[in-house]
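Undergrad: Just a sequence and a predicted model for now, questions to come.
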2 protein chains.
Amino acid sequence: MRILSELEGVAVGIITKHQPCTAYALRKELKDSPSSHWRGSAGAIYPLLERLEKEKLITTSADSSDGRGRRLLSVTTAGKQALRSWMRALNDNNRIAEVFDPLRTRVFFLDSLSRKEQLEFAEQTLSALESYLESTRIHLEDRPGNDLFGYLGARGGTLNAENRLEFIREVLHHLRKNNGGGGNRSG
Amino acid sequence: MRILSELEGVAVGIITKHQPCTAYALRKELKDSPSSHWRGSAGAIYPLLERLEKEKLITTSADSSDGRGRRLLSVTTAGKQALRSWMRALNDNNRIAEVFDPLRTRVFFLDSLSRKEQLEFAEQTLSALESYLESTRIHLEDRPGNDLFGYLGARGGTLNAENRLEFIREVLHHLRKNNGGGGNRSG
DNA sequence: TCCATCATGTAAACAGTTACATGATTGC
DNA sequence: GCAATCATGTAACTGTTTACATGATGGA
């Protein structure tokens, strides 16, 4: 059995938690997640679910009581197995380094901004991160108390936001310290 | 002018730092980055560079002294401008939340593993993260001392690795505390 | 001379986005 | 009755990956 892609793994994981649930609910969870990367777009989710169903990792059953043609998703035993393989593939394939942070990426290229723009960039990012951190905290508090791993995952989001805030503060500190040098003067 | 995609922004940023440089050097920097998401694959980079050249954000000049048909890349004034717009788009478009971490993603679904597998997962991840952290530290030390933003970007990678290590330790702590409950017994 | 690295590129496949399209249900 | 949300899906496009393909250079 092939290893699931990231989005497929997440999808099977979410369905496992909420089954039986609709594709719409799955999309909503992806969209509403404070730190997300995926849009939960219909064009990604529906073909993905078709794929998973064809491979018998999920089953769908039509809900005849619903006029909207609602279909309820559940994970099969093979699907649970695939989820476990996907979990383990993180360490088996050394994918631990596959992180992505659009802020850190940009810090490498701060040189391309004028000094004034650098400070603006850092200050705006700082304030955006402060509200983002707050949203991860709200998300964390709004969870049901009995779901340890849901809590830990969300807790990871908050820890990460705190870490990035600390990082941008460090950047700002360096920018203010070097108050004469650096920076492109073309701004 | 359209806003550059993430990989395009990174590419223009790297070329700006090293110009004039070859596409190969750009690909190498992407491949060798300790925390990367992008493979620097030929099929991504060459079409991307064609695109940027067509839009006059970069120029290429053939190096006639090189038998391999080496082409040297440089960023134009319009390219520098595009890089600045891309930098600012982080805050203008509220993309600060677009982070991705395959470890955190999986923690949400630890429930799908048996208790033994959960511990294995966390312990293996912990040790993988320890060596990853070490590699980010080496990367940080190996930088030229005069490049502040290169230093800060790499420093962000180390901070992030430390943060994730702290996170997995917290997860492990919870797993060990709850030593009877939780976990799928089907392992 | 051989091998690792430098150097460029193409083709097929796959994944994900935006935009479009339709219709039912629920609460005000 | 109207609007927000629930619910499913398709089409065109874009970007990225893997695999393939070729050849030059430099050092042991």
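TA: Arrived safely, thanks for sending.

Undergrad: mind checking pLDDT for the closest residue to A:Gly153 other than its chain neighbours?
TA: Spatial nearest neighbour of A:Gly153, excluding adjacent residues (Cβ to Cβ, 6 or more residues apart in numbering or on different chains): B:Phe108 at 3.7 Å. Heads up, the C-betas are built off the backbone N, CA and C, glycines and all. pLDDT, B:Phe108: 97.

Undergrad: what sits against B:Phe108?
TA: A:Gly13, A:Phe149, A:Gly150, A:Leu152, A:Gly153 (Cβ atoms under 8 Å, 6 or more residues apart in numbering or on different chains).

Undergrad: Distance to DNA strand C and secondary structure added to the residues you listed, as a markdown table?
TA: A markdown table is the format used below for the contacts of B:Phe108 (distance: Cβ to the nearest atom of the strand, whole Å; DSSP: H, G, I helix; E, B strand; the rest coil):
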| residue | distance to DNA strand C | secondary structure |
| --- | --- | --- |
| A:Gly13 | 14 | helix |
| A:Phe149 | 22 | helix |
| A:Gly150 | 22 | helix |
| A:Leu152 | 23 | helix |
| A:Gly153 | 18 | helix |
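
Undergrad: count of residues packed around the residue lying closest to A:Thr22 once chain neighbours are set aside?
TA: Closest residue to A:Thr22 apart from its sequence neighbours, by Cβ to Cβ, 6+ apart: A:Arg70 at 5.6 Å. A:Arg70 sits with 14 neighbouring residues when counted by other Cβ atoms under 10 Å in any protein chain shown.

Undergrad: Now stretch A:8-20: buried residues?
TA: A:Glu8, A:Gly9, A:Val10, A:Ala11, A:Val12, A:Gly13, A:Ile14, A:Ile15, A:Thr16, A:Lys17 (16 or more other Cβ atoms under 10 Å in any protein chain shown).

Undergrad: Could you restrict those to the ones contacting chain B?
TA: With the criterion set as Cβ under 8 Å from any Cβ of the partner chain, the members of the buried residues of stretch A:8-20 near chain B are A:Gly9, A:Val10, A:Gly13, A:Thr16, A:Lys17.

Undergrad: Mark which of those are part of strands, please.
TA: For these, not one is inside strands, with DSSP state E as the criterion.

Undergrad: Check whether the helix or strand hosting A:Arg106 comes near DNA strand D.
TA: Following DSSP states H and E, the helix or strand that holds A:Arg106 is helix A:102-107. No: using Cβ under 7 Å from any atom of the strand, helix A:102-107 never reaches DNA strand D; the gap is at least 11.6 Å.

Undergrad: What's the local residue count around A:Ser64?
TA: So A:Ser64, with other Cβ under 10 Å, has 8 neighbours.

Undergrad: Contacts only, for the residue nearest to A:Thr22.
TA: A:Thr22, A:Ala62, A:Asp63.

Undergrad: Between those, which sits nearest B:Glu120?
TA: Closest to B:Glu120 out of the contacts of A:Arg70 is A:Thr22 (33.8 Å), distances taken as Cβ to Cβ.

Undergrad: Give me the distance between the closest one and A:Asp63.
TA: 8 Å (Cβ to Cβ, to the nearest Å).

Undergrad: Point to the residue nearest the middle of chain A.
TA: Nearest to the mean C-alpha position of chain A, counting by Cα atoms, centre = their mean, stands A:Ser36 at 3.1 Å.

Undergrad: coming back round to it: please produce a ChimeraX select command covering the buried subset of the contacts of A:Arg70.
TA: Selecting the buried subset of the contacts of A:Arg70 in ChimeraX, with 16+ other Cβ under 10 Å as the burial test, is done by:
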select /A:22
